[in-house]
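A structural model of the following input is requested.
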Amino acid sequence: MSLFDEKKEPYMFMANFIEPRESKNFKLIHRIANTEDVARMKSSNFRNWAEYRDFREGTYVILKHRTGGIIMSDTPMEVNTNYRINHSAYGKILIAGLGIGMVLMKIQDNPNVKEITIIEREKEIIDLVASQLPLNNKVRIINSDIFLWRPEKGTKYDVIYFDIWDNICSDNYEEMKYLHRQFRKYLKKKDTGAWMDSWRKEDCRDLYFEDSLYSRESGMEVLRIKLEEAHKIKEIVSSQKSKIKL
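Residues are numbered from 1 along each chain as shown. Model (predicted):
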């Protein structure tokens, strides 16, 4: 089942707001997807069909490192994997990571959203992206590292969302756990409906436990080999002692 409902929510192409630009370390580009691109994308991601089934022709915005790595885009995969923040945002919100501002644009006009604070580490990204977006007065963008920044004493949020990773891996899960621990005290009580989450946390958690299981299995295999070697050495020593007695 798709998470995206075209009838209720027309697709928001960020190319309508953001033009291609470059800075010292980052660049915004437009990528046109044609019919062949759509077919190739859907067929190459058959294992994650729900995330890519809405991929369609159009002009997409991609934020990249100048070295080539993609940080964020506005493909339907990004929409679907940010479903919770896009559809359950309300009240006072803290988001780590600006990206291309897609999430921000989707929630700022929500009447249930009262205030949005964005923490973005890269000043260049703020200059490239935020300067092009029609942001309203609910939005405040702070240039800081979420691992170092903390809200003022007594501040509480209804929603806290971390979206600072550009890939999915087990190492991200350790960072997510750390951030959730550090910011738990800034979240309103759960009985108020408040929530905290990270982009693709479940996927990173699954990889984390898979890697942990593999490490344990590898460790057991190393132990087995060492025990076999020790047993062989013991047999050799025992055999040498028998020869000496003879």
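
make it CA atoms for all contacts and neighbour counts henceforth
OK.

Would you state the strands of this protein in chain order?
Taking DSSP state E to define them, one finds strands in the chain at 21-22, 26-33, 58-65, 70-73, 91-96, 113-120, 139-143, 159-162, 195-198.

Now stretch 153-166: buried residues?
156, 157, 158, 159, 160, 161, 162, 163, 164, 165 (16 or more other Cα atoms under 10 Å).

quick one: which of these is nearest to residue 96?
For the buried residues of stretch 153-166, the minimum distance to residue 96 (Cα to Cα) is 4.7 Å, reached by residue 162.

That closest one pairs with what?
Here residue 162 sits in beta bridges with residue 96, residue 198, as judged by DSSP bridges.

per the record, what domains does this protein have?
14-198, 204-246 (automatic domain parsing).

State the mean pLDDT of the longest one.
Spelled out, that is domain 14-198. For domain 14-198, mean pLDDT is 93.

Pull up the distance across that domain, start to finish.
22 Å (Cα to Cα, to the nearest Å).

so how far is that domain off the chain centroid?
8 Å (Cα atoms, centre = their mean, to the nearest Å).

check contacts around residue 120.
Contact analysis of residue 120 by Cα atoms under 8 Å, 6 or more residues apart in numbering lists 96, 97, 98, 126, 141, 142, 143, 144, 145, 146.

For the third one, give me phi and psi.
Which is residue 98. phi -90, psi -40 (degrees, to the nearest 10).

could you pull out the helices for the protein?
Per DSSP state H, the chain carries helices over the ranges 35-44, 49-52, 76-81, 83-88, 102-107, 123-129, 170-183, 201-245.

any idea how far the nearest residue to residue 164 once chain neighbours are set aside is from residue 104?
With Cα to Cα, 6 or more residues apart in numbering as the criterion, residue 164 has its nearest non-adjacent residue at 4.9 Å, and that residue is residue 97. Taking Cα to Cα as the measure, residue 97 falls 10 Å from residue 104.

who has more neighbours, those two?
residue 97 (25 against 20; other Cα atoms under 10 Å).

can you pull the contacts of that one?
Going by Cα under 8 Å, 6+ apart, residue 97 touches 118, 119, 120, 121, 162, 163, 164.

Please report the distance of it from residue 152.
For residue 97, the distance to residue 152 - Cα to Cα - is 19 Å.

Backbone dihedrals for residue 111, please?
Residue 111 adopts backbone torsions of phi -60, psi -20, taken as degrees, to the nearest 10.
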